[in-house]
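*Asks:* How does the following fold in three dimensions:
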Amino acid sequence: MAFSDEWLVPTLSSLVPEEQIVALRKDGGTGTSLWEALVARRLLTDDQILTAVSLRFRMQVADMAALDPRVQEQVPEQVVRKYNVLPLRITDSYLEVATANPFDMDAEKMLAFATGREVRMSLFPPTKIRERLDELYRPEDVVSKLLSGISEDAQVTQLSDEPDEYNASAEEAQQRPIIKLVDTLIADGITSRASDIHVEPGDGGVTVRYRIDGVLRQVMKIPRSAGIPLVSRVKIMSGMDIADRLRPQDGRCRVAVNGSPVDLRVSTLPASLGEKLVIRILNQKSTVLSLDALGLSEDERGTMSKLLQNKEGIILVTGPTGSGKTTTLYAALRQVQGEGVNIVTVEDPVEYRLGANIVQVQVNEKAGLTFASALRSILRQDPDVVLIGEIRDVETSQIAVQASLTGHLVLSTLHTNDAPNTVTRLVDMGMEAYKIASALRGILAQRLLRRLCPHCKIPQSDPLPERIRKYLPPSAVTLYQAVGCSECAMTGYRGRFGIVEILVMTPELERLIGRGATADQIAVAARAGGMKSLFESGIKHVQGGETSVDELLRVTEPPREDNGQGGRPGAPRYDDEEDDRERRPRRPRRPADDDDAPARPIQVTMTAPPAGAPREMATPHIELSPAFELLEDLPPARAELTRKGALVLLVDDEDQLRRVMRDLLERQGYTVVEARDGAQALDEVDRHAPDIVLLDLNLPGIDGYSVLSQLRSRPSTRQIPIIVLTAKGDEDNEVRVLELGADDFLTKPFRAKALAARLEGALGRRRS
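*Replies:* Numbering: from 1, shown residues only. Model prediction:
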């Protein structure tokens with residue numbers, strides 16, 4: 001009894017015993033697919049069969065990234081299903097298809113007749129072809145299958161911001177799979193305690209991820225053909241233009257989940273494979289707006305309460321996006337709220353409705369209502385307390401300072417790393433230092449730590465990292481670590497709380513800021529006045545059993561030892577003999593936890609120096625992976641370029657490659673600062689002002705193209721030489737990075753001498 005793909009037998013006979021093939025003939029009968037039978041019985045995998053067939057007949061394996069959804073408009077569904085072929089791309093002259101039987105002449109003739117084009121075939125497994133055909137021609141069926149495994153207990157209805165507006169019933173619309181999918185995602189995200197829902201287009205489909213307790217988790221993957229209608233449905237709900245897919249858009253809407261109203265803030269971003277959609281869930285019922293609920297210690301709450309007793313001045317809350325700044329400001333407003341206090345806010349957007357005695361103003365830039373114009377009008381409304389959602393420009397900061405100096409208490413947020421650097425940021429925006437000193441009352445920098453799940457946390461058994469041992473004396477307290485259970489979705493954490501660094505203005509700080517002191521000098525004076533760092537705040541919670549050491553190190557870094565020159569812990573070290581304009585950090589310390597890292601393909605060992613020689617003469621012996629090919633040692637750098645230790649910012653997400661390059665560059669006399677991703681690279685540029693940047697293009701989060709574009713758009717970083725490192729050596733990519741402003745382009749793997757020459761050349765051109 002023959003298989004439907006009998007031609008496979010000679011090819012696979014070397015991989016499968018003959019008796020197994022005979023048994024399959026008896027069990028399956030005539031017309032059975034040998035390919036599918038072997039995979040079903042786990043005798044071979046799809047990849048093994050694909051490899052064997054492609055090598056035997058010299059055929060290519062189909063590239064699913066080339067699948068064009070528009071091809072289904074020109075290739076009849078009944079034809080491709082009859083012959084089980086997947087159309088990938090169609091042009092004016094040919095049709096590309098994926099098939100499990102490239103010798104099916106009937107299929108080739110029928111496709112050529114139906115489309116009037118030459119047929120080109122590539123290989124793909126038969127079961128996966130059927131799955132892709134469902135995604136291509138019947139996306140509704142695929143969405144229905146996805147929904148079948150999700151609970152439908154929650155009911156979502158859209159609410160209108162206008163209380164008198166008529167809302168039509170959505171029962172009929174909810175029967176449609178796409179609308180039902182959107183409602184289910186929103187309801188499931190809310191019940192899962194998600195703060196954001198991310199819908200991200202990719203090569204293999206559209207990925208849906210929830211951000212829960214600050215960490216993204218993938219929950220679903222839907223076909224690309226369902227991605228556009230899903231995004232369009234959310235854009236309709238939030239009042240955005242569904243026809244405009246080339247520009248970023250922002251919107252908002254209100255929904256009711258089982259009768260409870262929830263605000264949604266929606267933003268879209270055009271990407272290469274479609275629009276990325278983020279839905280921010282603003283569930284006021286799950287957020288307690290009070291200082292007591294923020295997780296602050298008793299001392300921190302007392303300091304914050306004293307700051308809010310001021311009748312004028314500026315109080316700033318700082319931190320990155322998603323660190324809880326707005327929640328802290330709302331909690332502060334709750335504390336000063338009263339019948340005799342006139343409170344007005346200007347926000348973009350209004351995240352929570354705060355209720356009586358608080359007037360909230362929504363920024364509308366299209367109508368000309370910006371932060372600055374709204375703030376001017378607010379000051380004519382005789383306010384006692386003014387909340388500004390964010391200080392974004394010099395005009396807003398100037399009006400805020402003027403308001404604080406004329407008898408108003410101003411609360412606002414700013415994006416900075418810590419409290420002392422907030423002053424530097426305001427000066428960079430164009431504010432006069434003496435005005436900042438007079439107006440500022442306090443700065444609160446904060447981060448969010450995940451709280452250990454009380455149901456599954458256990459005492460710490462893993463050894464502590466070396467860099468944190470001195471801050472946690474042994475046997476002093478019981479430390480805990482995360483495990484994971486059904487209550488916390490196997491993460492080990494449930495909920496979050498805040499850690500803070502509170503800078504309270506003193507006469508000494510006012511004098512320093514007014515004289516234009518640096519962030520390091522401000523930090524030293526603030527610590528002398530009692531300011532505790534974010535790390536110190538987090539250590540208290542670790543000792544109290546609320547969070548783990550791993551979580552603390554994920555969010556903050558331990559302070560570095562003081563340099564003996566009055567600098568704050570963690571600040572760059574400077575050489576006394578250099579002029580302020582020439583100051584650069586000394587060689588940064590290697591992270592102490594490298595010893596705890598798992599074994600990696602690249603091994604670096606140190607050859608002991610000769611007897612009596614200094615330790616610095618030890619030479620590294622390096623074994624490299626194919627990702628980085630070193631064909632000879634680096635030559636010694638020219639003295640005129642490195643005698644002052646030119647600072648190189650090395651940006652690459654491969655830890656092994658970064659270590660090797662750092663060792664090579666330091667042997668040449670360069671000082672090296674590292675960054676693992678695009679966001680960290682931009683921070684390190686602002687922090688260290690490097691002489692040159694070595695930039696990889698393939699970075700997580702913000703990629704190298706975006707980093708390059710941002711550095712070239714800033715006046716302060718426009719002249720920094722940038723050498724791009726990439727594995728993409730094609731001409732189009734080289735032209736693209738050079739157009740974005742790169743000074744040079746180097747393809748991996750590269751020779752060490754070539755890298756040295758390009759570094760010296762770029763630095764030489766800059767200094768000349």
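
*Asks:* Could you list the low-pLDDT ranges of the protein?
*Replies:* 1, 29-31, 139-176, 285-289, 475-476, 560-644, 767-768 (pLDDT under 70).

*Asks:* Pull the contacting residues for Arg718.
*Replies:* Leu711, Arg712, Gly741 (C-beta atoms under 8 Å, 6 or more residues apart in numbering). Placement of C-beta: from N, CA and C, glycine included.

*Asks:* In JSON lines: those residues, plus neighbour count.
*Replies:* JSON lines is the format used below for the contacts of Arg718 (neighbours: other C-beta atoms under 10 Å):
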{"residue": "Leu711", "neighbour count": "22"}
{"residue": "Arg712", "neighbour count": "15"}
{"residue": "Gly741", "neighbour count": "14"}
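
*Asks:* Among those residues, which ones are in strands?
*Replies:* Within the contacts of Arg718, membership in strands is found for no residue, as judged by DSSP state E.

*Asks:* So which of those is the closest to Gly669?
*Replies:* The closest of the contacts of Arg718 to Gly669 turns out to be Leu711 (C-beta to C-beta; 24.5 Å).

*Asks:* quick revisit: ok, of the contacts of Arg718, which one's closest to Leu479?
*Replies:* Nearest to Leu479, judged by C-beta to C-beta, of these is Leu711 at 41.3 Å.

*Asks:* Now that closest one: closest residue in space that isn't a chain neighbour?
*Replies:* Nearest non-adjacent residue to Leu711, counting by C-beta to C-beta, 6 or more residues apart in numbering: Thr717, 4.5 Å away.

*Asks:* does the one you found belong to a helix or a strand, and which?
*Replies:* Thr717 is located outside every helix and strand, with elements delineated by DSSP states H and E.

*Asks:* is it true that it touches Val685?
*Replies:* Yes. Shown here, Thr717 and Val685 form a contact pair, counting by C-beta atoms under 8 Å, at 5.9 Å.

*Asks:* Among those two, which residue is more densely surrounded?
*Replies:* Comparing Thr717 with Val685 by neighbour count (other C-beta atoms under 10 Å), the higher total belongs to Val685, at 22 against 17.

*Asks:* Report how many residues lie close to Leu67.
*Replies:* For Leu67, the neighbour count with other C-beta under 10 Å is 21.

*Asks:* give the contact list for it.
*Replies:* Here Leu67 is in contact with Leu86, Leu88, Arg89, Arg132, Leu136 (criterion: C-beta under 8 Å, 6+ apart).

*Asks:* Parallel or antiparallel, which strands does the host helix or strand of the first one pair with?
*Replies:* Here Leu86, judged by DSSP H and E, is contained in strand 85-90. Strand 85-90 has these partner strands in its sheet, going by DSSP bridges: strand 94-99 (antiparallel).

*Asks:* ok, residues contacting the strand it pairs with?
*Replies:* Outside strand 94-99, the residues that reach it (C-beta under 8 Å, 6+ apart) are 62, 64, 66, 75, 80, 83-90, 107, 111-112, 115, 117-124, 129, 132.

*Asks:* Looking at these, which are in strands?
*Replies:* Using DSSP E, Val85, Leu86, Pro87, Leu88, Arg89, Ile90, Glu118, Val119, Arg120, Met121, Ser122, Leu123 are the members of those that sit in strands.

*Asks:* out of those, which are buried?
*Replies:* Buried by 16 or more other C-beta atoms under 10 Å: Val85, Leu86, Pro87, Leu88, Ile90, Val119, Met121, Ser122, Leu123, out of the ones in strands among the contacts of strand 94-99.

*Asks:* Thanks again, I'm all set now.
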